[in-house]
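K.L.:
Test case, fold it:
(one chain, ligands or ions: 1)
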Amino acid sequence: MDDWDLGSNTDPELVPYGRGIPPTVKQLAHITPMNDFQRLEDMFKRHGDHLAAMLIEPIQGNCCSIMARVEYVQLARELCTKYGVMLIIDEVKSGFRVGKSGIQGLMGVVPDITTFAKAVANGYPISVVAGREDVMRTFRYGGASHGGTYTAHSVSLAAADETLRILDETPALDTLASYGERLKSGISEILDARKIVHSYTGHPSMFGLFFAEAPPDNYRAWKTSDYSFYDAMAYHLHDLGIIVEPDSREPWFMCEAHGLDETCLTDTLKAVETAVDLVLEHGVQAAE
Ligand SMILES: Cc1ncc(COP(=O)(O)O)c(C=O)c1O
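P.N.:
Model (predicted):
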């Protein structure tokens with residue numbers, strides 16, 4: 001997206017993320033802006049008969065937790081079913097974090113294939129591919145292939161087993177979400193008192209903060225938004241001992257330990273208040 005002309009109203013050109021990807025791969029991929037219902041339908045009309053799968057990350061974990069609308073994900077499900085295309089929901093960041101059943105559970109949309117990592121083993125190295133039974137049963141000799149040195153590694157599986165037990169038997173995810181809610185309301189109190197327009201997106205356990213009346217609803221909208229206030233605030237927060245992601249595309253992720261220690265909330269909010277005042281005093285150039 002970096003060299004893309006934002007004003008052109010055309011799709012960005014697909015470029016490989018790294019070397020070694022054959023240019024022909026480009027012909028196999030089609031992109032569509034999230035939350036653009038018409039474009040999604042048009043894409044299926046033009047290419048639906050040749051598509052293998054549609055991949056969507058309903059909470060964009062690498063772009064401020066911008067969320068797909070429920071109706072948009074439902075439409076994706078309907079179109080995939082109609083055209084015989086597999087719906088893949090990427091829950092690498094949202095899975096076992098926003099709820100036990102992930103964002104797909106909260107949205108009530110059942111994918112054919114889904115992916116998890118990160119929170120499923122509380123940070124231990126693991127990636128999980130799951131899906132409909134008939135799809136998963138193709139992983140065998142003569143069918144789809146999958147393997148690797150560390151596939152089903154016992155240490156990662158033990159960590160996942162214990163993490164899932166804790167999620168099942170304790171209110172850890174509620175603790176995360178309620179901490180996120182309290183953090184959001186505390187930040188809003190600080191910003192409202194200074195009449196700073198702002199909004200949030202995502203889920204309280206992984207939310208994005210925007211200095212605009214409404215959050216962007218896809219990456220293109222983020223690209224045209226003004227994130228200079230955030231960048232300057234993050235810079236001051238670091239100096240104040242609160243390590244938030246300096247790149248405004250990363251959401252704020254909660255963990256259970258945040259919610260179990262009351263001083264964590266008060267210290268964070270105190271630093272946010274100071275950082276906001278420093279930006280107001282010195283301007284958004286402070287980050288440079
Ligand atoms: C949303 C999302 N999907 C997929 C991946 C890649 O996951 P893996 O490293 O398990 O291939 C990442 C990595 O950070 C991610 O953030």
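K.L.:
quick check, residue 202 in a helix?
P.N.:
No. Applying DSSP: H, G, I helix; E, B strand; the rest coil, one finds residue 202 to be strand, outside a helix.
K.L.:
Quick check: the gap between the residue lying closest to it once chain neighbours are set aside and residue 248.
P.N.:
Of all residues not flanking residue 202 in the chain, residue 65 sits nearest, at 2.5 Å (Cβ to Cβ, 6 or more residues apart in numbering). Every residue, glycine included, has its C-beta placed from N, CA and C. Using Cβ to Cβ, to the nearest Å, residue 65 is found at 11 Å from residue 248.
K.L.:
Overlap in contacts, the two.
P.N.:
Jointly contacting residue 65 and residue 248 under the rule Cβ atoms under 8 Å, 6 or more residues apart in numbering are residue 208.
K.L.:
More neighbours: those two, which one.
P.N.:
residue 65 (26 against 22; other Cβ atoms under 10 Å).
K.L.:
who's in contact with the more buried one?
P.N.:
59, 201-203, 206-208, 251.
K.L.:
Next SSE downstream of the lowest-mean-pLDDT helix or strand in the chain?
P.N.:
When each helix and strand of the chain is scored by mean pLDDT, DSSP states H and E, helix 219-223 comes last, with a mean of 86. Using DSSP states H and E, the helix or strand that follows helix 219-223 towards the C-terminus is helix 228-239.
K.L.:
pLDDT on that following helix, on average?
P.N.:
Averaging pLDDT along helix 228-239 yields 94.
K.L.:
Am I right that residue 89 is in contact with residue 59?
P.N.:
No. In this structure residue 89 lies outside contact range of residue 59 using Cβ atoms under 8 Å: 10.3 Å.
K.L.:
For these two, list the residues in contact with both.
P.N.:
Counting by Cβ under 8 Å, 6+ apart, the residues touching both residue 89 and residue 59 are residue 103.
K.L.:
Run through the residues of this structure sitting next to the ligand.
P.N.:
Within reach of the ligand by Cβ under 6 Å from any ligand atom, the chain has these residues: 57, 61-62, 90, 92-93, 117, 127.
K.L.:
Could I have the PyMOL command that selects the buried members from these?
P.N.:
The following PyMOL line selects those of the residues of the chain next to the ligand that are buried, judged by 16 or more other Cβ atoms under 10 Å:
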select buried, resi 57+61+90+92+93+117
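K.L.:
okay if I get the residues of the chain next to the ligand as CSV plus secondary structure and pLDDT?
P.N.:
What follows is these, written out as CSV (DSSP: H, G, I helix; E, B strand; the rest coil; pLDDT from 0 to 100):
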residue, secondary structure, pLDDT
57, coil, 98
61, coil, 95
62, coil, 92
90, strand, 98
92, coil, 98
93, coil, 97
117, coil, 97
127, coil, 94
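K.L.:
Greatest separation within the residues of the chain next to the ligand: which pair is it?
P.N.:
62 and 127 (16.0 Å; Cβ to Cβ).
K.L.:
Okay, residue 141 and the ligand: tell me how far apart.
P.N.:
24 Å (Cβ to the nearest ligand atom, to the nearest Å).
K.L.:
And residue 75, by the same measure?
P.N.:
Noted for residue 75: a distance of 21 Å to the ligand, by Cβ to the nearest ligand atom.
K.L.:
Also residue 247?
P.N.:
13 Å.
K.L.:
before we move on, what about residue 284?
P.N.:
In this view, residue 284 and the ligand are 28 Å apart by Cβ to the nearest ligand atom.
K.L.:
same thing with residue 19?
P.N.:
Plainly put, residue 19 is 18 Å away from the ligand if you go by Cβ to the nearest ligand atom.
K.L.:
Ok, residue 269 next?
P.N.:
According to Cβ to the nearest ligand atom, residue 269 and the ligand sit 28 Å apart.
K.L.:
Quick check: chain neighbours aside, which residue is closest to that residue?
P.N.:
That would be residue 186: by Cβ to Cβ, 6+ apart, it lies 4.3 Å from residue 269.
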